[in-house]
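Student: sequence-free structure coming up:
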């Protein structure tokens, strides 16, 4: 298969993948599902990032996310909903556990 044919095949596959994710209601890898300031007096932000397979990672970061930031806490979850629920709890004042 020549490069052009492989590129076309990749495009077709990506379109199928995007359609399946849309049908399942899940985010693409690296898609930000949630972002909120942890505290107005702090530079910390709570971010939920999709893994592309229905799971997600909840992070507390400081800095210019996603370009230049420091991760203070991070936890992966099997579902995007669980990750965003935990992010809400963190913003409301509970610890990441």
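Tutor: Yep, that arrived. Bear in mind the structure is a predicted one, so any value in this text is a computation, not a measurement. Numbering: from 1, shown residues only.

Student: in the lengthiest helix in the chain, what's buried?
Tutor: In the chain, taking DSSP state H as the definition, the longest helix is helix 3-24. Neighbour-count burial for helix 3-24 flags residue 21 (criterion: 16 or more other Cβ atoms under 10 Å). C-beta: built from backbone N, CA, C; applies to glycine.

Student: partners of the helix or strand following it, with directions?
Tutor: Once the chain leaves helix 3-24, the next helix or strand it forms, by DSSP states H and E, is strand 32-37. In its sheet, strand 32-37 lies beside strand 44-50 (antiparallel), with partners assigned from DSSP bridges.

Student: buried stuff in the very next helix or strand once past the partner strand?
Tutor: Scanning forward in sequence from strand 44-50 by DSSP H and E, the next helix or strand is strand 56-64. For strand 56-64, a neighbour-count test (16+ other Cβ under 10 Å) marks 56-61 as buried.

Student: list the helices and strands the helix or strand following strand 56-64 packs on?
Tutor: Helices and strands here follow DSSP H and E; after strand 56-64, the next one along the chain is strand 68-77. Contacts defined by 3 or more Cβ pairs under 8 Å, 6 or more residues apart in numbering; DSSP states H and E place strand 68-77 against strand 56-64, helix 80-91.

Student: Can you report how many residues neighbour residue 42?
Tutor: As a burial measure, residue 42 scores 10 neighbours (other Cβ atoms under 10 Å).

Student: check contacts around the residue nearest to residue 51 when sequence neighbours are not counted.
Tutor: Among residues not flanking residue 51 along the chain, residue 29 sits closest, at 6.1 Å (Cβ to Cβ, 6 or more residues apart in numbering). Residue 29 makes contacts with 50-52, as judged by Cβ atoms under 8 Å, 6 or more residues apart in numbering.

Student: out of those, who has the most neighbours?
Tutor: Among these, residue 50 has more neighbours than the rest - 21 neighbours, counting by other Cβ under 10 Å.

Student: partners of it in the sheet?
Tutor: residue 56.

Student: Please tell me how far it sits from residue 81.
Tutor: 11 Å (Cβ to Cβ, to the nearest Å).
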